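In: Output the structure for:
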Amino acid sequence: DDQGYRYCGPMIHLVQGEFYRVNGNFSGAETSYDSAIAAVGELGNLREKGLAHELMGRFFFREQHDESWAAHHFDYAMQAYNSWGAPALVNKLLDDYGDILPENAGQSEVSTALVAAATSNTSVV
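Out: The predicted structure is shown next:
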């Protein structure tokens, strides 16, 4: 039913993406990852959002050798993992891909403002 697909759809797309990737169908993999990211965006599930962007980032890094798009997706993954409260996942991405990530990777504008406010004893309005 529609409700079941709503909750399982993103994971189905991720599994399809991985299947396509390991079988060398990179076009199918990218399409499936894109579909997963779009589907999870509708749900707001931070864990699945992080996973979808992480897998897309790995795809761009390993298969497409595109560090720019990989870093883009890793950054979104780390933002989702940070918001979800999973610092170990953020640290794992930083350890594995830190050399291609921007200095403020994984921090949304809101979290960056909160960190800045905390270090300067000001408040965020």
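In: residues in contact with the top helix by length along the chain?
Out: Assignment by DSSP state H gives helix 2-22 as the longest helix of the chain. Applying CB atoms under 8 Å, 6 or more residues apart in numbering, the external contacts of helix 2-22 come out as 26-30, 32-33, 35-36, 39-40, 42-43, 45, 48, 51-52, 55-56, 59, 63. Placement of C-beta: from N, CA and C, glycine included.
In: So which of these are in helices?
Out: Among the contacts of helix 2-22, DSSP H puts 26-30, 32-33, 35-36, 39-40, 42-43, 48, 51-52, 55-56 in helices.
In: Number of residues surrounding S68?
Out: 8 (other CB atoms under 10 Å).
In: re the thing from before, in ChimeraX, how would I select the buried members of the contacts of helix 2-22?
Out: Applied in ChimeraX, the following selects the buried portion of those according to 16 or more other CB atoms under 10 Å:
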select :29,30,32,33,35,36,39,40,45,48,51,52,55,56,59
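In: coming back round to it: can you state the direction angle for the longest helix of the chain and helix 46-58?
Out: Interaxial angle of helix 2-22 relative to helix 46-58 (axes from the mean of the first three to the mean of the last three CA atoms, to 10 degrees): 20 degrees.
In: Distance from helix 2-22 to the middle of the chain?
Out: Remark: helix 2-22 is offset 15 Å from the chain centroid, using CA atoms, centre = their mean, to the nearest Å.
In: what does stretch 87-95 give?
Out: 12 Å.
In: Report how many residues lie close to M11.
Out: Count around M11 with other CB under 10 Å applied: 16.
In: Any figure for the gap between it and F61?
Out: Applying CB to CB, to the nearest Å, the value for M11 to F61 is 22 Å.
In: Equivalent analysis for Y5, please.
Out: For Y5 relative to F61 (CB to CB), the value is 30 Å.
In: Between those two, tell me which one has more neighbours.
Out: F61 (19 against 11).
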